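1. quick one, fold the following:
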Amino acid sequence: MRVAGIMSGTSLDGIDVAIVDISRKIVPVAWASTPYPKAVREAILAVSNRTCHTAEISRLHFLLPEMYAAALKRLCVQSKVAIETVELIGCHGQTIFHEGVGGVVAGKRVKSTLQIGDGSVLAELTGVPVVSDLRTRDMAAGGQGAPLVPFFDYAYLRHARRSRIAVNIGGIGNITYIPAAARPEDVVAFDTGPGNMVIDQLVAAHTHGKSTFDAGGRIASRGKADLALVDKLLRARYYRQAPPKSAGREEYGEEFVRLFAGLAFEDAVAAATAFTVATLVRGIGQVCAKPDDVIVGGGGVRNAQIMGQLAAQLPASRVTSTAEYGIDSDAKEAIAFALMAHATWRRQPGNIPTATGARRAVVLGKISY
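-> Sure thing, here's the model as predicted:
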């Protein structure tokens, strides 16, 4: 079955679209990323864990699927894949709020998550059935709705003899531990802390939005990390807490970024980079002292400082990127949501309860025909 996966993450860098053929194997066909226009990115930020008007959310809820449809059609033209051959779309949507541990409303504690980008609009614009709203059912089953990508990690990366940690460095950092010869119930996964999110915010603020990330880690390479600050930040309960656990912009937004305000710009980026690596390494240490392989995906792969520090702090492991396993590091999450949509289409569960904390494996999402 040919499935398209559409992903736009917490880093807000744009829309990732992957087309894959799924049978007994997962075969990547095409992939591309479309940056968000500055005005759209700012509009999403304005409704992400912010006080705003419901009109703004509603408008974006309908605008985003227009952009998703255009990105998919553009990829089909560029890769010479007829859109008529795409049988299903898995669309993550854009997270604007995620509270995996819950908050209090009307005197009751409620866990919730909200991804905008309506599946029915996307289905109408493409003529292809869409599976969307993939996190909600896991939360209804007692999970945190994240991380969901371990479903792909287990399917694609498990090995009979080697223990593996799949690392994803998007806006948030997360890991999936896949022991040698693992069964689904052996998998452990959780969000470790920030991925690129804090770094991106520091760069965007300093450049007044002209740049939104540290290309190649070059800014961090010119700075000196304040390791005392890194150690202080690591004392927060979250990094000692046992999984399952999840995080998002709610934890690493403007308030958290202000903790770096006393540092010179390059030093602040260096410290944020060191903190991202420290949280990843601590998370890995929670589940496996010496994994055979550490396989990194997400935009953080392109940051030489992150990759270099990871390799230096994990000398007993082989640190590589997903590219060595046939998956472009930037395409991984889009492919993962294509795989989840395929499972939903076949009425099969798409979550891993040991990763999310759900009571049971459940079929994810809603289908728009």
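
2. list the contacts for Asp133?
-> The contact partners of Asp133, taken as C-beta atoms under 8 Å, 6 or more residues apart in numbering, are Gly93, Gln115, Gly119, Gly365, Lys366. No exception for glycine: its C-beta is placed from N, CA and C like everyone else's.

3. for the first one, which non-adjacent residue is spatially closest?
-> Right, Gly93. Gln115 (3.4 Å; C-beta to C-beta, 6 or more residues apart in numbering).

4. show me where this structure has strands.
-> Remark: strands assigned in the chain by DSSP state E are 2-8, 14-22, 26-35, 88-105, 108-116, 130-132, 164-169, 172-178, 188-194, 293-297, 318-321, 366-368.

5. between the ones you listed, which one is closest to Gly357.
-> strand 88-105 (8.3 Å; C-beta to C-beta).

6. before we move on, the earlier item: and the contacts of Asp133, which of them are buried?
-> Neighbour counting by 16 or more other C-beta atoms under 10 Å classes Gly93, Gln115, Gly119, Gly365 among these as buried.

7. so how far is Phe190 from the first one?
-> If I follow you right, that is Gly93. Here Gly93 is placed at a distance of 22 Å from Phe190 (C-beta to C-beta, to the nearest Å).

8. of the contacts of Asp133, just say which sits nearest to Arg237.
-> Gln115 (27.1 Å).

9. list the contacts for the closest one?
-> Gln115 touches His92, Gly93, Gln94, Thr95, Ile96, Ser132, Asp133, Leu134, Arg135, counting by C-beta under 8 Å, 6+ apart.

10. who wins for neighbours among the residues you listed?
-> Ser132 (29 neighbours; other C-beta atoms under 10 Å).

11. so the closest residue in space to that one that isn't next to it in sequence versus His208, what's the distance?
-> Spatially, and ignoring its direct neighbours in sequence, Ser132 is nearest to Gly119 (3.2 Å; C-beta to C-beta, 6+ apart). Remark: distance between Gly119 and His208 (C-beta to C-beta) = 35 Å.

12. got it, and Ser33?
-> 24 Å.

13. neighbour count winner among these two?
-> Each of Ser33 and His208 has its neighbours counted (other C-beta under 10 Å); Ser33 has more, 19 against 7.

14. test my guess that the more buried one contacts Ser329.
-> No: the pair Ser33 / Ser329 is not scored as a contact, 11.2 Å apart, by C-beta atoms under 8 Å.

15. what angle sits between the helix ranked longest in the chain and strand 88-105?
-> The longest helix of the chain (DSSP state H) is helix 54-79. Calculated by axes from the mean of the first three to the mean of the last three C-alpha atoms, to 10 degrees, helix 54-79 forms an angle of 160 degrees with strand 88-105.

16. which pLDDT value belongs to Gly248?
-> Gly248 is assigned a pLDDT of 86 by the prediction.

17. same check, this time on Leu12
-> Looking at Leu12, its pLDDT stands at 87.
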